[in-house]
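>>> Sequence unavailable; structure follows:
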């Protein structure tokens, strides 16, 4: 389970880079069965061929395989598979391919909690201890709301030093909770925000205790069946699951089979699988009022801290509100986004680890909203005097403990973020540069002597300011 970072590659949160045959596709304009018809003002049809060109760019760079769906209301604009669901058997990816969702799972967990609240089984403002009598004393002030919004202070167990050594082994919800229940809190409940898979595992544990059902059974009976999501479920390492994709990562000489994670570990923080078409049914059911009451839905999409609501990030991109969440788990990265003003759904499910799904989703949303997208391959490199870059060499702070170092290697300009590999950038002008391996641009702001005082990273529809620190 992963979320995208501020800079050029993905920051691990659970575990939030082949061309090939195209899978089957739905006809543009066709509604996916089970989705309600769209409402609202008509919008000019986007350039679907340009959307496909954008996706194919990532496929050609061997950064993406998977399935993509774009819909306005129930009208499907694009629904297609790219590359392979299984490279070894040459099975093409298609809209029917099932992908591990990683942290996209969290919104289903949040909805499950709200369903239990509607049934009178819990209240999100209740302390966790009300439903877990043996909870440690440090958790006395932690509420269900804190778990939903990543404000509990419970440390993230997937960041523990021992996590990698335990990843291949089956466990139980009780054993998972035991991994972090005695750890000191990172902060007092409600006082700060820190992404925590521990909190969402604990929510799954509570769902099981309160409902008397396994997490897998609860989401199946209470969410998937009512919304007609027949191709969704809780993943398993042993069960035979038709049309399930294999996951891949980048190795030294190309793609390799991704590392192993026992699927009892992600639980309610990242254990589900689905298809693009089922996720459209989910979006239409959730935002169409077919699952939750209006009050519950409002609570679910109201951000508390750091633009985070209940299992969803709610923020603005290029002036448009977006309700979304990304996911990442061994071999898979995913992005599910809903733009309420346009009733626009963008779903990108990839079975190659990397940032491509998030970048693709951003570009497709822009195109669907009538904006232009310039691909990195279309940016024009210009000649500049290499000495100009000498005033840019230094370190720039993008976030606490996260610095972007800039250096010159002969006539080459190199950036390197904390904990990440080097990325070459290319000049579009004296102050503006772009990367080719990812859709990101950098602008240097200088003083009167040409020395940069800060840089601005343009990525994912946002501008990130980083002052010089060295």
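Yep, it's here. For clarity, every value in this text was computed on a predicted model and none was experimentally measured.
>>> can you give me phi and psi for the spatially closest residue to residue 316 that is not a sequence neighbour?
With CB to CB, 6 or more residues apart in numbering as the criterion, residue 316 has its nearest non-adjacent residue at 7.0 Å, and that residue is residue 322. Yep, even glycine has a C-beta here, placed from its N, CA and C like the rest. Per-residue torsions, residue 322: phi -130, psi 130 (degrees, to the nearest 10).
>>> burial of residue 322, as a residue count?
By the other CB atoms under 10 Å criterion, the neighbourhood of residue 322 contains 23 residues.
>>> What of residue 119?
Residues within reach of residue 119, counting by other CB under 10 Å, total 11.
>>> go on, residue 293?
Other residues near residue 293 number 13, with proximity taken as other CB under 10 Å.
>>> what sits against residue 124?
Residue 124 makes contacts with 113-114, 117, 143-145, 148, 299, as judged by CB atoms under 8 Å, 6 or more residues apart in numbering.
>>> Secondary structure element for residue 208, which one?
Here residue 208 sits within helix 197-211, counting by DSSP states H and E.
>>> which strands and helices sit next to the next helix or strand after that helix?
Next in sequence after helix 197-211, counting helices and strands by DSSP H and E, comes helix 215-219. On a contact count with 3 or more CB pairs under 8 Å, 6 or more residues apart in numbering; DSSP states H and E, helix 215-219 meets helix 105-118, helix 197-211, strand 233-234.
>>> So which residues of the stretch 301-450 of the chain form strands?
In order along the chain, the stretch 301-450 of the chain carries the following strands (DSSP state E, counting those that start in this stretch): 313-317, 320-329, 332-339, 344-350, 394-399, 402-409, 412-417, 422-427, 432-435, 440-446.
>>> Okay, buried residues for the fourth one please.
This points to strand 344-350. Residues of strand 344-350 classed as buried: 344-350 (neighbour count, 16 or more other CB atoms under 10 Å).
>>> Tell me, how many residues neighbour the nearest residue to residue 106 once chain neighbours are set aside?
In space, residue 106 comes closest to residue 311 once its chain neighbours are excluded; the distance is 3.8 Å by CB to CB, 6+ apart. Here the neighbour count serves as a burial measure; for residue 311 (other CB under 10 Å) it reads 27.
>>> Contact partners for residue 311?
Taking CB under 8 Å, 6+ apart as the criterion, residue 311 is in contact with 106-111, 148, 200, 300, 325.
>>> where's it relative to residue 344, distance?
Using CB to CB, to the nearest Å, one gets 20 Å for the distance from residue 311 to residue 344.
>>> got CSV for the strands of the stretch 301-450 of the chain, with mean pLDDT too?
Output for the strands of the stretch 301-450 of the chain, formatted as CSV (pLDDT from 0 to 100):
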stretch, mean pLDDT
strand 313-317, 94
strand 320-329, 96
strand 332-339, 98
strand 344-350, 98
strand 394-399, 94
strand 402-409, 94
strand 412-417, 94
strand 422-427, 94
strand 432-435, 94
strand 440-446, 95
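>>> any low-confidence regions in the stretch 1-150 of the chain?
Counting by pLDDT under 70, the low-confidence segments of the stretch 1-150 of the chain come to 1-45.
>>> which residues in it form strands?
Counting by DSSP E, counting those that start in this stretch, the stretch 1-150 of the chain has strands at residues 30-31, 66-72, 75-82, 84-86, 91-92, 99-100.
>>> what's the fourth one packed up against?
By that I understand strand 84-86. The contact analysis (3+ CB pairs under 8 Å, 6+ apart) places strand 84-86 against strand 91-92.
>>> out of the helices and strands packed on helix 215-219, nearest to residue 408?
Taking CB to CB as the measure, the helices and strands packed on helix 215-219 were each checked against residue 408, and helix 197-211 came out nearest at 39.6 Å.
>>> between the closest one and helix 105-118, how many degrees?
Regarding helix 197-211 and helix 105-118, their directions subtend 30 degrees when assessed with axes from the mean of the first three to the mean of the last three CA atoms, to 10 degrees.
>>> packing partners for helix 197-211?
Other helices and strands packing on helix 197-211, by 3+ CB pairs under 8 Å, 6+ apart, are helix 105-118, helix 144-148, helix 173-180, helix 215-219, helix 267-270.
>>> So which of those helices is the most surrounded?
Among the helices and strands packed on helix 197-211, the stretch with the highest mean neighbour count (mean count of other CB atoms under 10 Å) is helix 267-270, at a mean of 30.
>>> what helices or strands is that one leaning on?
Judged by 3+ CB pairs under 8 Å, 6+ apart, the packing partners of helix 267-270 are helix 105-118, helix 197-211.
>>> quick check, distance from the first one to the centre of its chain.
Average the C-alpha atoms of helix 105-118, do the same for its chain, and the two points are 18 Å apart (CA atoms, centre = their mean, to the nearest Å).
>>> tell me the angle of that helix relative to strand 313-317?
Taking the same axes, to 10 degrees, helix 105-118 and strand 313-317 form an angle of 120 degrees between their directions.
>>> Provide the contact partners of helix 105-118 at residue level.
Around helix 105-118, the neighbours that count as contacts under CB under 8 Å, 6+ apart are 1, 122-124, 144, 148, 200, 203-204, 206-207, 210-211, 215, 218-219, 222-223, 266, 268-272, 282, 286, 291-293, 296, 299-300, 310-312, 325, 327, 336.
>>> Who does the residue nearest to residue 316 form a beta bridge with?
With DSSP bridges applied, the residues forming beta bridges to residue 322 are residue 315.
>>> wait, doesn't it sit right on residue 314?
Yes: checked against CB atoms under 8 Å, the pair residue 322 and residue 314 is within contact range at 7.5 Å.
>>> do you know how far the residue nearest to residue 316 is from residue 67?
Distance, residue 322 to residue 67, by CB to CB: 20 Å.
>>> Residue nearest the middle of this protein, spatially speaking?
In the chain, the C-alpha closest to the average C-alpha coordinate belongs to residue 326, at a distance of 1.1 Å (CA atoms, centre = their mean).
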